[in-house]
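Chemist: Could you work out the structure for the sequence below:
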Amino acid sequence: MQEKREGQAVKIARAAAEVWDVDAKDAKELAFVSRVLVQAFMPHSDPKKPGWIRKNGNFTLTLKSGVDVLSNGDFLPIGLPYGTIPRLMLAWLNSEAIRNAQDTNNTTPHIINLGRSLSSFLEKIGVARTGGKRGGITAFKAQAEKLFRAEVSISCTGSNYLAERDMKITDGRFVFWNSKNADQPTLWENSVELSERFYKLLVNTPVPLDWRVLRAIKQSPMALDLYMWLTHRMSYLQKPVSIRWETLQGHLGSEVERLDHFREKVRKHLKKITIIWKDLHIDASASDAIYLYPTRSLTRPTKRKTLNVKKYCSKP
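Modeler: Next up is the predicted model:
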């Protein structure tokens, strides 16, 4: 356990030095995640059920499992994506979707190429290229199948309205990865076809992130959620704000039942994040609330948008 902690400590120290020396854009380490998806996150651990709901104020995200059809005609849910791998995959898919959208010669920007070998793709998202029952390759393939076949519903409620949108994450996949030999290339390029609605969700509302930070803290899904959430909040924060621990618990850690346990987890992850994000101005010492102060983004300033969730819910 001590060796594992030291390993992550080295990764965090290295990421801090790299982020301090070279901007994410110049280092070609710029990543993105949708502002809408930062409003609510996927499960941290396997919920062992076909549906998942996360609420943030009047915003609700529902994740639905894809299904397999058995030989007898019954439907079997394949499970929901959870943990760090689908979070890293979403960041990568979002980044590739934006890169495709900026390429005026790309006539099919919603088709995301995954590379000709499983090994090359795992290297891009920072997942260990190990086999076996508990290896990174096995975990990746299981989570990729669950993520690519899942469906998302986004709903917004008010005193006199309900707005909702349903969307598939992908419309199709073309994958020939060799799990026994991850380095062996295939004859065709592996790819996924994002659904039109999900593609537009990704490219219209991006939050810029730093891949070096994601890779350094990827051992914990809560740490990833916290970094993404803080990046989003700081992108538009103009004055100090306090957020009650109970509110943040419902947003980031509803799977942690005891509030005192949740506070300690957040404080532990903040120690890692603030080593890298040196300018992050945040006070998590109080027992009633966490205090955020305007902070410069780790990435270069981009054109900021005010998230209008209704825009993605009200129209069919």
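
Chemist: ok, now which ones touch the nearest residue to Ile276 once chain neighbours are set aside?
Modeler: In space, not counting the residues next to it along the chain, Ile276 is nearest to Ala16; the distance is 4.5 Å by C-beta to C-beta, 6 or more residues apart in numbering. Yep, even glycine has a C-beta here, placed from its N, CA and C like the rest. Ala16 is in contact with Ile275, Ile276, Lys278, counting by C-beta atoms under 8 Å, 6 or more residues apart in numbering.

Chemist: ditto for Leu202
Modeler: Taking C-beta under 8 Å, 6+ apart, we find Leu202 in contact with Phe32, Ser34, Leu93, Asn94, Ala97, Ile98, Leu194.

Chemist: Scan the contacts of Ala16 and report the most crowded one.
Modeler: For those, the largest neighbour count, defined by other C-beta atoms under 10 Å, is 24 neighbours, found at Ile276.

Chemist: Quick one, grab the pLDDT at that residue.
Modeler: According to the model's per-residue confidence, Ile276 sits at a pLDDT of 94.

Chemist: Then Pro316?
Modeler: Reading off the per-residue confidence, Pro316 sits at a pLDDT of 40.

Chemist: tell me which residues in the helix-or-strand element of the chain with minimal mean pLDDT are buried?
Modeler: None of the helices or strands of the chain scores lower by mean pLDDT, DSSP states H and E than helix 2-21, at a mean of 78. Along helix 2-21, the positions that meet the burial threshold by neighbour count (16 or more other C-beta atoms under 10 Å) are Lys11, Ile12, Ala15, Ala16, Glu18, Val19.

Chemist: residues contacting the last one?
Modeler: The reference is to Val19. When the contact criterion is C-beta under 8 Å, 6+ apart, the partners of Val19 are Asp210, Arg212, Val213, Ile276, Trp277, Leu298.

Chemist: Would you check that Gly132 makes contact with Ala139?
Modeler: No. Gly132 is beyond contact range of Ala139, at 10.2 Å (criterion: C-beta atoms under 8 Å).

Chemist: With neighbour numbers in mind, choose between the two.
Modeler: Between Gly132 and Ala139, counted using other C-beta under 10 Å, Ala139 has the larger neighbour count: 17 against 8.

Chemist: Point out where the stretch 51-200 of the chain drops to low pLDDT.
Modeler: For the stretch 51-200 of the chain, applying pLDDT under 70 flags the ranges 176-188.

Chemist: one more time with 50, if that's ok
Modeler: In the predicted model of the stretch 51-200 of the chain, residues 187 satisfy pLDDT under 50.

Chemist: ok, which stretches of it are strands?
Modeler: Taking DSSP state E, counting those that start in this stretch, the strands of the stretch 51-200 of the chain run over residues 51-56, 59-64, 66-69, 75-79, 111-115, 151-157, 162-168, 170-174, 190-194.

Chemist: any chance of those in TSV, with distance to Asp283 and mean neighbour count too?
Modeler: Formatted as TSV, the strands of the stretch 51-200 of the chain follow (distance: least, C-beta to C-beta, whole Å; neighbours: other C-beta atoms under 10 Å):
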stretch	distance to Asp283	mean neighbour count
strand 51-56	22	16
strand 59-64	26	19
strand 66-69	42	14
strand 75-79	39	14
strand 111-115	40	19
strand 151-157	31	18
strand 162-168	35	16
strand 170-174	41	15
strand 190-194	39	20
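
Chemist: Understood, closing this out.
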